[in-house]
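J.: Need coordinates for the below:
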Amino acid sequence: MTPCEKETVVKTVKKYLKGKVLAVGDGANDVPMIQSADVGIGISGQEGLQAVMASDFALARFKFLKKLLLVHGHWFYYRLANVLLYFLYKNAMFVFVLYWAQFYSGFSANGIMDP
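T.: The predicted structure is shown next:
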């Protein structure tokens, strides 16, 4: 496939499937495809470093791709879920403090702390 055809495939998938697209390339002919994808992974190889320079992530070998996607992708999902739960918990605590402070102050619109 030509570089233009690869780029067209990525753009078509992005347009019609409404998802995120990951492109993996190892040479200069993959640069347009990597740049048009949401996430680009460049493999440094014998064709040069053009794909690595245009990508979001760079790998030395194809065998590292499995660990990047399956292990680090899972850890990222797990950590992001925990951060979101923490933000919900933190914001709920801020609201409950203000809620109970209103009962304590008798709904007098005073501040929680004296200046």
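J.: Which other helices and strands does the helix or strand encompassing residue 93 contact?
T.: Element membership of residue 93 [criterion: DSSP states H and E] is helix 73-104. Helices and strands touching helix 73-104, by 3 or more C-beta pairs under 8 Å, 6 or more residues apart in numbering; DSSP states H and E: there are none. In this view, the C-beta of every residue, glycine as well, is placed from N, C-alpha and C.
J.: what ranges do the helices span in this protein?
T.: Along the chain, the stretches classed as helices by DSSP state H are 3-17, 31-36, 50-54, 64-66, 73-104.
J.: nearest to residue 43, of those?
T.: With distances scored as C-beta to C-beta, the stretch of those nearest to residue 43 is helix 50-54 (6.6 Å).
J.: same for the closest one, what does it pack against?
T.: Counting by 3+ C-beta pairs under 8 Å, 6+ apart, helix 50-54 packs on helix 31-36, strand 39-43.
J.: Let's have those in JSON lines, adding distance to residue 25, mean neighbour count and mean pLDDT.
T.: As requested, the helices and strands packed on helix 50-54 are exported to JSON lines (distance: least, C-beta to C-beta, whole Å; neighbours: other C-beta atoms under 10 Å; pLDDT from 0 to 100):
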{"stretch": "helix 31-36", "distance to residue 25": "5", "mean neighbour count": "21", "mean pLDDT": "94"}
{"stretch": "strand 39-43", "distance to residue 25": "6", "mean neighbour count": "21", "mean pLDDT": "93"}
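J.: May I see the domains of this structure written out as residue ranges?
T.: According to automatic domain parsing, the chain comprises the domains 1-62, 67-115.
J.: Looking at those, which one is packed in the most?
T.: domain 1-62 (a mean of 16; mean count of other C-beta atoms under 10 Å).
J.: Off-centre distance for it?
T.: 17 Å (C-alpha atoms, centre = their mean, to the nearest Å).
J.: show me where pLDDT drops low in this protein?
T.: 114-115 (pLDDT under 70).
J.: Residue 64 - how many residues pack around it?
T.: Residues lying near residue 64 (other C-beta atoms under 10 Å) number 14.
J.: Fine by me, we can end here.
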